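Enquirer: give me a 3D structure for the following:
(3 chains)
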Amino acid sequence: MLPKQYRLKNKSAFNATYRVKNSTHLGGVTLFAGILKKDADTDTRVGFVVSKKTHKRAVKRNRLKRLMRESYRLLLKENNLYNSQNYMSLIFVGGDHALDKNFAEMQNIIKTLIQRL
RNA sequence: UAAAGUAAUCGAAUAAUCGCGCCCUUGUUAGGGUGAGGAAAGUCCGUGCAUUCAAGGACAAACAGCCGGAGAAACUUCCGGACGGCGUGAGCCGGUGGAUAGGACCACAGAAAUGCGAGCAAUCAAGAACUGCCGAUGGACGAAAGUCACAGGCGAUGGUGCAACGGUGAGGUAAGAGCUCACCAGCGGUAUUGAGAGAUACCGGCUAGGCAACCCCCUGUAGAAUGCAAGGUUAAAUUGAAGGCUAUAAAGGCUGUCCGCCAACUUCAGAAGAACCGCUAGAGAUUGGGAGUAAUCCCAAUACCAGACAGAUGAUUAUUUAGAAACAGAACACGGCUUAUGAGUUACUUUAUUUU
RNA sequence: GCGGGGGUAAUUCAGUGGUAGAAUGCCUCCUUGCCAAGGAGGAUGUCGCGAGUUCGAGCCUCGUCUCCCGCU
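Expert: The predicted structure follows:
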């Protein structure tokens, strides 16, 4: 789990990010990026979403979210996020195809998505 | 040895590195503690808790259903028993009040499906014989034997159907029928026995179809509705558009529906968008002892054991069981039910086979 | 988390406990030089699944799977 200052919190923030319509997709994971930062001191906030339509069982959905979150955390720790930190917010949405991925595959997907920004 | 039945248990472990929620300490970045389930699930029953309503009239409406007990806030819960069904058996299953309060339904077939019911009338054909059975009694014909679509008696046999108005056998009769008898089933009564459901025995009359997981009747129980997104406290803010503002309509409230009554605002869009309480010490957990066939109850000791709000248990590596561990994730709390669940382990019991 | 509604032919939907239907679509034939339209005929169903009640369930009862909607 990420520290609180990196988390995307409320619904209007999510909606504002979706409305920008800047998205890219790979391996069942879709990345949405928000507007560019106005102030360079604020942290980039990240949300992780797996819909109930993706899978019915909470355990599987939690597992996918944790894998995505852990991949992002390790990249953040290595300070290896390229220019993604220029955005105010990021949202990762997990789909059906991402359910069976293991950690190594997931980490490659997240890394590639971030590089595309 | 194999195949079964019942009950119980377990629900991976250890280490390293990088991380997260909450609490405490320190005092500004560290240390310590703690951190999902037996079903947390389905939301099928309940309960606590919270808010609202409980002016009037009319109509409608829930759940349970053998007996005794247990717990108790309550139940579609549990335990023990009765009865019925299934199984070779250990055992398992059961929504198990009433069909003589009344109504509805019982397709097709069948004379007939609960209606005291096999009908009545007419025509044609065939005829060696036959129109469901009989035709004792009466009638007709005949010398008689006998004959008859006769009057009349009967519902057995055959056949239909899931089901045919008790069943089987014997007597009885012209043929038959509980007409009579025996046994069985069912109904009513009496006696004995049991706490009771019930069981057993005897007697009586002589017959009552199924369906209440259709309406209904009986008995019993419960104020109703909405759910923590309930609800409360503090602080701040209150933008735009449309309708209405006279009337009508729509929508709102009176908490099942309608009538009737009341009130004045209603709808849509936008938002980088406060915090706290409710919130977890409990019909609780673990261990030990006692009572009871059991469900369960009583007593003592011990510790405090998730509390988030885009929502915490993860990732990687190594070792081990079994090279790769099932079903599955708390969201106000609790009791129960139902469903999902890998590899095993333990106890008791049954059946079959083999050996001694 | 809480509450509500559905599942019947390829599709959209009807369907009092008694032989499963309609429309569109599909196939064949007729009509036409050809196509469309029109006409005639035909095929197509685990009534989501599993039990129970009943003589007999699409329908009644219970369980289960799945889809959709509403409430912040």
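Enquirer: for the residue lying closest to residue A:52 once chain neighbours are set aside, which residues are in contact?
Expert: If the residues on either side of it in the chain are set aside, residue A:52 comes closest to residue A:61, at 7.4 Å by C-beta to C-beta, 6 or more residues apart in numbering. Yep, even glycine has a C-beta here, placed from its N, CA and C like the rest. Contacts for residue A:61 (C-beta atoms under 8 Å, 6 or more residues apart in numbering) come out as A:50, A:52, A:54-55, A:94.
Enquirer: out of those residues, the closest to residue A:100 would be?
Expert: Top of the list for closeness to residue A:100, among the contacts of residue A:61 and by C-beta to C-beta, is residue A:55 at 10.7 Å.
Enquirer: three-state assignment of that closest one?
Expert: Here residue A:55 is coil, with the state taken from DSSP: H, G, I helix; E, B strand; the rest coil.
Enquirer: for residue A:31, same thing?
Expert: Assigned by three-state DSSP, the conformation of residue A:31 is strand.
Enquirer: again, but for residue A:93
Expert: Judged by three-state DSSP, the three-state class of residue A:93 is strand.
Enquirer: residue A:22: neighbour count?
Expert: 14 (other C-beta atoms under 10 Å).
Enquirer: so the residue nearest to residue A:52 is in which element?
Expert: In this structure, residue A:61 sits in helix A:58-77 according to DSSP states H and E.
Enquirer: which residues of chain A score low on pLDDT?
Expert: Scanning chain A for pLDDT under 70 picks out the ranges A:1-2, A:4, A:9-11, A:38-42, A:80-82.
Enquirer: residues from it in reach of RNA strand B?
Expert: Proximity of chain A to RNA strand B is confined to A:1-4, A:7-17, A:19-20, A:34-35, A:45, A:47-49, A:57-59, A:62-63, A:65-67, A:70, A:73-74, A:77, A:88-89, A:102-104 under the rule C-beta under 7 Å from any atom of the strand.
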